[in-house]
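Trainee: this one's sequence-less:
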């Protein structure tokens, strides 16, 4: 048992952002204050570099996560003393993986969907699947219990890290139940139905990325300009979690989010005020690394969206949905 310092805890913003591939999640992670990006796919590194150049940010620290122990090694470092250098040590290999005198301010899991798969792989190595009566592989009876324990432990470990935390996840769009009782559910893609709830409980805000074509055209190509954004409010079947002073339809700059949560009036006054119903203003998501280069155009668009609520739902979910 320990007493919580409310002033200290209030400094950190914990967020879960999910969306279709190519809708700006990775770029949003790069926009975080001094990010440490835990990357599950090495081929995404060039996208991170390009996003940093486009945003005018220094190259972030990027560590590739291949095993569950990799995540645990980082967690031990994140919970260390900030009076000392930030050092990630591999417990298994007994060596220093990364070291810097300047601590990261944000840890970005790109993606938490893949982190859950890494846990699954670890459990199946320890307890291999067996052939069932139909010849298909079957997990042990304790598999799902072990996965729940390890997944929630990992989520809570990052939640409690003394810094900003950004969980990035793929979007899942499925029907739950059968017949007249069936209902649509849209949220972060997780291997178990209870894990999205655990993620939502661990963060301040949950949002979904979108891409919207504006009415303006690119002078060179003649194509309509693309606006990227994040909705934190929407239909009831979507896993979302608003968090004032963040708006229902938000910019894709995590540093800006942090500043406004901290009450930076100078920053907030330069941004458009968007009504809650404007969260329904997206049309079609797209490529993460083709974001609109002129932020003033994005702000003008955010102030006066013209799409309907039905269009917004399709914006986040009209691509190939993951299997239920």
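Mentor: Structure received. Here the structure is a predicted model, which means the values were calculated and not measured.
Trainee: rest of the way, CA atoms for contacts and neighbours
Mentor: Noted.
Trainee: sec struct for residue 124, please.
Mentor: Following DSSP: H, G, I helix; E, B strand; the rest coil, residue 124 is assigned to helix.
Trainee: do residue 44 as well
Mentor: helix.
Trainee: same question for the one 10 residues further on.
Mentor: Residue 54 carries the three-state label helix when classified by three-state DSSP.
Trainee: distance of it from residue 47?
Mentor: Separation of residue 54 from residue 47 (Cα to Cα, to the nearest Å): 10 Å.
Trainee: same deal with residue 211?
Mentor: Counting by Cα to Cα, the gap from residue 211 to residue 47 is 17 Å.
Trainee: same check, this time on residue 144
Mentor: With Cα to Cα as the criterion, residue 144 and residue 47 are 34 Å apart.
Trainee: contacting residues for residue 200?
Mentor: If you count contacts by Cα atoms under 8 Å, 6 or more residues apart in numbering, residue 200 has them with 16, 206, 241.
Trainee: can I get the residues you listed in CSV with distance to residue 75?
Mentor: Formatted as CSV, the contacts of residue 200 follow (distance: Cα to Cα, whole Å):
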residue, distance to residue 75
16, 18
206, 22
241, 25
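Trainee: wait, which of the residues you listed is closest to residue 130?
Mentor: residue 16 (35.0 Å; Cα to Cα).
Trainee: for the helix or strand hosting that closest one, what is the average pLDDT?
Mentor: Under the criterion DSSP states H and E, the helix or strand holding residue 16 is strand 14-19. Mean pLDDT, computed over strand 14-19, is 98.
Trainee: just stretch 113-125 next, same as before
Mentor: Stretch 113-125 comes out at a mean pLDDT of 97.
Trainee: buried ones in it?
Mentor: For stretch 113-125, a neighbour-count test (16 or more other Cα atoms under 10 Å) marks 113-120, 122-123 as buried.
Trainee: stretch 218-229 too?
Mentor: For stretch 218-229, by 16+ other Cα under 10 Å, it's 225-229.
Trainee: take the buried residues of stretch 113-125 and keep only those in helices.
Mentor: 113-120, 122-123 (DSSP state H).
Trainee: distance to residue 161 added to the residues you listed, as JSON lines?
Mentor: JSON lines is the format used below for those (distance: Cα to Cα, whole Å):
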{"residue": "113", "distance to residue 161": "19"}
{"residue": "114", "distance to residue 161": "20"}
{"residue": "115", "distance to residue 161": "17"}
{"residue": "116", "distance to residue 161": "19"}
{"residue": "117", "distance to residue 161": "22"}
{"residue": "118", "distance to residue 161": "20"}
{"residue": "119", "distance to residue 161": "20"}
{"residue": "120", "distance to residue 161": "23"}
{"residue": "122", "distance to residue 161": "23"}
{"residue": "123", "distance to residue 161": "25"}
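Trainee: show me which of these is closest to residue 236.
Mentor: residue 113 (22.3 Å).
Trainee: surely that closest one and residue 169 touch.
Mentor: Yes. Counting by Cα atoms under 8 Å, residue 113 does reach residue 169; the two are 5.2 Å apart.
Trainee: any residues in contact with both of the two?
Mentor: In contact with both residue 113 and residue 169: 188-189, using Cα under 8 Å, 6+ apart.
Trainee: quick one, strands of this structure?
Mentor: 14-19, 35-39, 61-64, 86-90, 95-100, 106-110, 130-131, 137-138, 164-176, 183-188, 205-217, 224-231, 249-250 (DSSP state E).
Trainee: nearest spatial neighbour of residue 223, chain-adjacent residues omitted?
Mentor: residue 217 (5.3 Å; Cα to Cα, 6 or more residues apart in numbering).
Trainee: quickly list what the one you found is bridged to.
Mentor: residue 224 (DSSP bridges).
Trainee: what sits against it?
Mentor: 223-225.
Trainee: circling back to that earlier point, take the contacts of residue 200 and lay them out in CSV including distance to residue 176 and neighbour count.
Mentor: Output for those, formatted as CSV (distance: Cα to Cα, whole Å; neighbours: other Cα atoms under 10 Å):
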residue, distance to residue 176, neighbour count
16, 22, 25
206, 21, 25
241, 20, 20
